[in-house]
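[1] how does the following fold in three dimensions:
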Amino acid sequence: MIPEDNPLDNRRRPQSLADLFFSFTILALQGFGGVLAVVQRELVERKRWLTPEEFTEELAVAQVMPGPNVVNLSLVIGARYFGMPGAAAALAGMLAVPLLLIIALALVHAHFADHAGVAGALRGMAAVSAGMIAATGVKLAGSLTRHPLPLALGLGVAVVAVLLLVWLRLPLLYVLGGLGTLCCVLTYRRLQP
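    Residues are numbered from 1 along each chain as shown. I've put the predicted structure just below:
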């Protein structure tokens, strides 16, 4: 029997492909420049389609795939519930309406690009975006305490990754391949009985 405080008791799932499409369209329209924080709040806290741990795991998969993380995350979540049709619906929801908005904004920007207020607004949006990404990282850090590997090891690997990327300027693919493989092997060993 599942204990009453189990978060899986309240878990929901998307009702249909249309639900996936419209949910990801709304998510995409809420997050100009920093949709990851919005996606985490909506899918984990509001809709409860994923637990915090599942979100972290799905995000990790999305980050190692080529392309934008949130677009990859929409594919992974859509496929999780409805297979390939779900992946297509979530992806279309994430991209269709924002694409139309970007085209319209590009036309407006071409007309007003030389205005000082436009440049200032863009700098301000970049700062807000960076803050939202940092806040999402802090919020997701809590789920790392339940990971099979010790938190100190995870933080150590993160520091080593930053040093390899920034100081030694190794390609990201090599760092992810090496440290990612090492962490996967260590986690697998910890999970075995």
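
[2] can you name the next helix or strand after the longest helix along the chain?
    Secondary structure of the chain per DSSP state H: the longest helix is helix 69-112. Next helix or strand after helix 69-112 toward the C-terminus (DSSP states H and E): helix 116-141.

[3] the following helix or strand past that following helix versus helix 116-141: what angle between them?
    Toward the C-terminus, helix 116-141 is succeeded by helix 151-162 as the next helix or strand (DSSP H and E). Following axes from the mean of the first three to the mean of the last three Cα atoms, to 10 degrees, one obtains 140 degrees for the angle between helix 151-162 and helix 116-141.

[4] and the contacts of helix 151-162?
    Contact partners of helix 151-162, identified using Cβ atoms under 8 Å, 6 or more residues apart in numbering, comprise 144-145, 147, 175, 179, 182-183, 186. For every residue, glycine as well, the C-beta is placed using N, CA and C.

[5] buried stuff in that helix?
    Going by neighbour count (16 or more other Cβ atoms under 10 Å), the buried part of helix 151-162 is 157, 161.

[6] ramachandran angles for residue 66?
    phi -70, psi 140 (degrees, to the nearest 10).

[7] how many residues are close by it?
    Using other Cβ atoms under 10 Å, residue 66 is surrounded by 6 other residues.

[8] and it, how far from residue 129?
    Distance, residue 66 to residue 129, using Cβ to Cβ, to the nearest Å: 21 Å.

[9] what of residue 112?
    In terms of Cβ to Cβ, residue 112 sits 21 Å off from residue 129.

[10] surely residue 148 and residue 185 touch.
    No. Assessed by Cβ atoms under 8 Å, residue 148 is found out of contact with residue 185, at 11.9 Å.

[11] coming back round to it: which two from the contacts of helix 151-162 end up farthest apart in space?
    Farthest apart among these by Cβ to Cβ are 145 and 175. That separation is 24.2 Å.

[12] these two - which one has more neighbours?
    More crowded of residue 145 and residue 175, by other Cβ under 10 Å: residue 175, with 17 against 9.

[13] got a list of what residue 79 touches?
    86-87.

[14] can you pull the pLDDT of it?
    For residue 79, the model assigns a pLDDT of 94.
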